[in-house]
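> this is a predicted model, with the sequence first.
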Amino acid sequence: GALEDLLTVREFEARARRILDPVHYDYIAGGARDEVTVRANEAGFARLSLLPRVLGGTAERDSAVSILGTRASMPVLVSPTAFHRLVCAEGEIATGRAAARADTILIASMASTVAIREVAAAARAAATDRDPALWFQLYLQPDPQDTLALVRRAAAAGCTALVVTVDSPVLGVNERNVRNRFHDLPPGLACENLRNLRGDEPDTVRRIGMSPELNWDDVDRLRAHTKLPVLLKGVLHPEDARIAVDRGVDGLLLSNHGGRQLDTVPATIELLPEFAAVAGRKVPVLLDGGVRRGTDVVKALALGATAVGIGRPLVWGLAVAGEEGALRVLELLRAELDHTLALCGARGVKDLTPDLVRSAQAGAR
Ligand code: FNR
């Protein structure tokens, strides 16, 4: 079937499931333990209703956003996901081109199977009339020298923000992977950002380190070493959001890692109102987890998010048709977002306010 026959993110997932090695499908679709949080993310959006305004719309609607100095044509960003060469030969080269053509921000994963400078070069070639919008996600490494080497690579490649993932003191356990004995990348694929990270070593690829001993001082030290804005990804407790803002962090990406780290944490959309109250006036709050429709984007923005990220949907696009598939997923969400704005009587994303969202449960009582 042709790409145009796939009308929704859900159809992309169904097609990807047919195409992919089941072990790889499980790695992407799965989450931690009982996958309670994986399901909660999507269900959280479904529980909310939209309450549109009438007779106040415009023919053209403005969806562009600017986040910490980086512009995007729409408030739908590409959240960092690992291992794109597992699902398509070009891997993150295809992702970089798709995000650049969609004129949105790619948060490249530290665990990419293509080095960040090559992703940046591909994005630059695809976005001829502007600088591609590229951010870099990283895990603070147990040895700070490794963290700084990664940051230098990201900055040299032209990344304009750093997204530090803090929800992974240890790796979550996806029991599908355990059952499938999927523990490592197949031969020939590697986390290229970690190749020869220490200048003096021969051709080696370091393993991504995680540490339960990291603390707020480590975040401060990173911030002291870079001029790039630093966002934290994976803060869930509102008290930690407050600490992050007080410490001078530049932004928050409210995320539960797509339900892949601690199982049974709340849906991100459920936490958003509290985050908006604690941090939203001081720093941009982004959200990911379970965004599958334009209505989900509108709900998140109405409740205070500056933008949302997509994880799995982008990977399904890549799996189905590489760069063109990933672009198609982004363009589907752009069209749905614009259509939803029109139906809500909004002139653009700036018109979205919390009163447009109702809890369906409260309404039913
Ligand atoms: C991820 N995610 C992730 N996050 C991160 O900070 N670094 C990473 O390397 C990865 N890798 C990764 C791989 C795969 C296959 C998935 C599905 C997810 C989490 C990701 O950034 C994001 O938080 C979630 O995917 C958002 O939820 P949805 O959109 O997948 O529901």
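Thanks, I have it.

> just checking, L3 touches A321?
Yes - the pair L3 / A321 is scored as a contact, 5.4 Å apart, by CB atoms under 8 Å. Every C-beta, even on glycine, is put in place using the N, C-alpha and C of the backbone.

> who has more neighbours out of those two?
For L3 against A321, the residue with the higher neighbour count under other CB atoms under 10 Å is A321, and the figures read 21 against 14.

> quickly note the distance from the more buried one to A121.
22 Å (CB to CB, to the nearest Å).

> who is L138 paired with across the strands?
Here L138 sits in beta bridges with V164, going by DSSP bridges.

> what sits against it?
If you count contacts by CB atoms under 8 Å, 6 or more residues apart in numbering, L138 has them with 110, 147, 150-151, 154, 162-165.

> repeat the analysis, applying 7 Å as the threshold.
Neighbouring residues of L138 by CB atoms under 7 Å, 6 or more residues apart in numbering: 110, 147, 150, 162, 164.

> now do I243
Contact partners of I243, counting by CB under 7 Å, 6+ apart, are W216.

> secondary structure element holding it?
helix 238-247 (DSSP states H and E).

> how about whichever strand or helix holds A300, which residues are buried there?
When secondary structure is defined by DSSP H and E, A300 falls within helix 294-302. Residues of helix 294-302 classed as buried by neighbour count (16 or more other CB atoms under 10 Å): 294-302.

> looking at those, which one is closest to I28?
Of all those, I28 sits closest to D296, with 19.1 Å by CB to CB.

> how far away is that closest one from L287?
Relative to L287, D296 is positioned 10 Å away (criterion: CB to CB).

> could you do G158 as well?
G158 sits at a distance of 26 Å from L287 (criterion: CB to CB).

> of the two, who's got more company?
For the pair G158 and L287, the greater number of neighbours falls to L287 (30 against 17), based on other CB under 10 Å.

> relative to the one helix or strand the more buried one maps to, what are the paired strands and their orientations?
Taking DSSP H and E as the criterion, the element that holds L287 is strand 285-288. In its sheet, strand 285-288 lies beside strand 251-254 (parallel), strand 307-310 (parallel), with partners assigned from DSSP bridges.

> tell me the mean pLDDT over the last one?
Read that as strand 307-310. Across strand 307-310, the average pLDDT comes to 99.

> what residues does it touch?
The set of residues that contact strand 307-310 without belonging to it, under CB under 7 Å, 6+ apart, is 65, 67, 72, 75-79, 107, 253, 286-288, 291, 297, 300.

> please redo it, this time with the cut-off set to 8 Å
Under the criterion CB under 8 Å, 6+ apart, external residues in contact with strand 307-310 comprise 65, 67, 72, 75-79, 105, 107, 253, 255, 284, 286-288, 291, 296-297, 300-301, 329, 333.
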